[in-house]
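[1] What follows is a predicted structure for the sequence shown.
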Amino acid sequence: HLGKHNFALSGSQNLSANGALKLGYSINYMNQNVKNRPYRISRLTNNFSGMFGAFDDVAYVREHTVTAAGYQNRNYTSSTHENPAEGWAYGLSFGSIVDEYLWNILARTQLENNQRLIASVTPSWEIVKGLTLKGNIATDYTGQKIENMDPTKTSNAFGSYSGGYSVSNNTYTTIYGDAMLNYSTQITDKFGLDAVVGYSARNEQMLNSSANTEGGLTVENWFHLNAGANTPKGNMGKSEFLKQAVFGTLSLSYGNWAFLEGTIRSETVSSLKTPNNSYWYPSVNGSIVFSELFDMPAAVDFFKGRLSYGVVGNAPAAYTAAMTYTQKSFTIDSQNYTYNKMETGLNNDALRPETTYEFEAGLEGKFFKNRLGFDLSFYNKNIKDQILQTTAPMSAGGSSIWMNVGELNNKGVEFNAYATVVENRDWRVDISG
């Protein structure tokens, strides 16, 4: 059973009489409820010791998996059958199918609720002509709650408990914000300039928690953690990641045929240890539109050459560069002791960001009123200080460790072309490759 509701709102508003101050907004909310999501059938397809036989009455078994009293059916000779008259007349060779598939889809209940909120607010202020301050604050929230209710399989009156209950709550939240100051001007009739300076930040938080009963339900079909025969078991996972950046871009243009752009960016991330958690990377690219600079044959609509070089830094996932431990416990003479244990997969607090250096040169052309065109590019990409998990001797304290050990080079030539071979009032046929 699936129920889904969506809500969306977006718009913009002038906050000043002259329109210099504006505010845009967008909200999307989704709420989804799922009851008894389809159950896996691996036990039907992979359990070769528990398949139905050619002479088995599958419909009868399905209809009688759950007894009239709501318990799981079993052989009539079972000492824990509340009504032997309903029991199987003989042992089922495919009993695991009943235990692991039919009981799951006919008796168990799973309730799942998913919620997601995506919202943003984007103010802008035109301070003077050509100078604009823009901002953006956005969030993306996902929440999930799952309840699993496994009914009592045999009556508690027989002296043993069965069934169970579990609940999990998972949330993932991303908060993003940026502020950019944009300046655009024509210095002369042919010479244009655009500049951007800004700041951005992104925070990601994950929190997963779950709990389940242990030892069966002391009260039949009371789906609550307090109903467990033993102490409930709980688990929790939590992570947080923060990335901040300051950046700048300068773009120059001349006569609609020459373009040059440079960028520089500094990032600080929480997944690396100081001072490796802060790094700079620049880029520069330029292009010349030859079809604007020179007189070309009539068949040439557009012809451009381009060059670019860039450096990009990449940080590892959260906690890869943090020394982490797992808490364990043991008992001696009825006394519990707790200790912290380092896992065999070691993290490394000396990790540096991996860095990509890329160069590209290309040509682009369009001909015959854009019915024929091509794009040719040569690229050379080098990745240094690649972060990889490599094996380590156990004498180092673990069997593997994250390190800056990889270096990768990728270079090649790419060529793409397209053509419109037929174009009329009724048909258009394009080919590309």
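    Perfect, thanks for sending it.
[2] Output the lowest mean pLDDT helix or strand found in the protein.
    Every helix and strand of the chain was ranked by mean pLDDT, DSSP states H and E. The lowest is helix 42-45, at a mean of 62.
[3] Which residues does the helix or strand that comes right after that one contact?
    The helix or strand immediately downstream of helix 42-45 is helix 58-63, counting by DSSP states H and E. Applying C-beta atoms under 8 Å, 6 or more residues apart in numbering, the contact partners of helix 58-63 are F52, L92, V98, L102, L106. Glycine gets a C-beta too; all of them are placed from N, C-alpha and C.
[4] repeat that for 10 Å
    Here helix 58-63 makes contact (C-beta atoms under 10 Å, 6 or more residues apart in numbering) with 52, 57, 73, 88, 92, 94-95, 97-98, 101-102, 105-106.
[5] Tell me the one of those residues nearest Y254?
    Checking the contacts of helix 58-63 against Y254 by C-beta to C-beta gives I105 as the nearest, at 69.9 Å.
[6] Can you point out the buried residues in stretch 367-375?
    Residues of stretch 367-375 classed as buried: F367, L372, G373 (neighbour count, 16 or more other C-beta atoms under 10 Å).
[7] what distance separates the start and the end of it?
    12 Å (C-alpha to C-alpha, to the nearest Å).
[8] Could I get the average pLDDT for that stretch?
    Averaged across stretch 367-375, pLDDT comes to 92.
[9] still on that earlier bit, buried only: go through the contacts of helix 58-63 for me.
    Buried among the contacts of helix 58-63 (16+ other C-beta under 10 Å): N73, W88, L92, F94, I97, V98, Y101, L102.
[10] From V66, how far out is the last one?
    Counting by C-beta to C-beta, to the nearest Å, the gap between L102 and V66 amounts to 9 Å.
[11] Repeat that for the second one.
    Separation of W88 from V66 (C-beta to C-beta) stands at 13 Å.
[12] joint contacts of these two?
    Contacts common to W88 and V66, judged by C-beta under 10 Å, 6+ apart, are N73.
[13] so when I look at S79, I'm seeing a helix, right?
    No. According to DSSP: H, G, I helix; E, B strand; the rest coil, S79 belongs to no helix; its state is coil.
[14] Pretty sure it sits against G87.
    No. Here S79 lies out of contact with G87, judged by C-beta atoms under 10 Å, at a distance of 11.1 Å.
[15] which of the residues in stretch 139-148 are buried?
    Of the residues in stretch 139-148, those buried (16+ other C-beta under 10 Å) are D140, Y141, T142, G143, Q144, I146, N148.
[16] can you dump the C-alpha coordinates of whatever helix or strand the last one lives in into PDB?
    Taking DSSP H and E as the criterion, N148 maps to strand 131-150. Once side chains and other backbone atoms are set aside, the C-alpha atoms of strand 131-150 remain, and they are given as PDB (Å, rounded to 0.1, in the frame of the first residue of the first chain):
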ATOM      1  CA  LEU A 131      27.200  45.600  -9.100                       C
ATOM      2  CA  THR A 132      24.900  42.900  -7.600                       C
ATOM      3  CA  LEU A 133      25.100  41.100  -4.300                       C
ATOM      4  CA  LYS A 134      23.400  37.700  -4.400                       C
ATOM      5  CA  GLY A 135      22.800  35.100  -1.700                       C
ATOM      6  CA  ASN A 136      21.400  31.600  -1.400                       C
ATOM      7  CA  ILE A 137      20.300  29.600   1.700                       C
ATOM      8  CA  ALA A 138      19.100  26.100   1.000                       C
ATOM      9  CA  THR A 139      18.300  22.900   2.800                       C
ATOM     10  CA  ASP A 140      17.600  19.300   1.800                       C
ATOM     11  CA  TYR A 141      16.100  17.200   4.600                       C
ATOM     12  CA  THR A 142      15.300  13.500   4.300                       C
ATOM     13  CA  GLY A 143      13.600  11.600   7.200                       C
ATOM     14  CA  GLN A 144      12.700   7.900   7.300                       C
ATOM     15  CA  LYS A 145      10.900   5.900  10.000                       C
ATOM     16  CA  ILE A 146      10.400   2.200   9.700                       C
ATOM     17  CA  GLU A 147       8.500  -0.100  12.100                       C
ATOM     18  CA  ASN A 148       8.600  -3.900  11.800                       C
ATOM     19  CA  MET A 149       6.000  -5.900  13.600                       C
ATOM     20  CA  ASP A 150       6.500  -9.600  13.800                       C
END
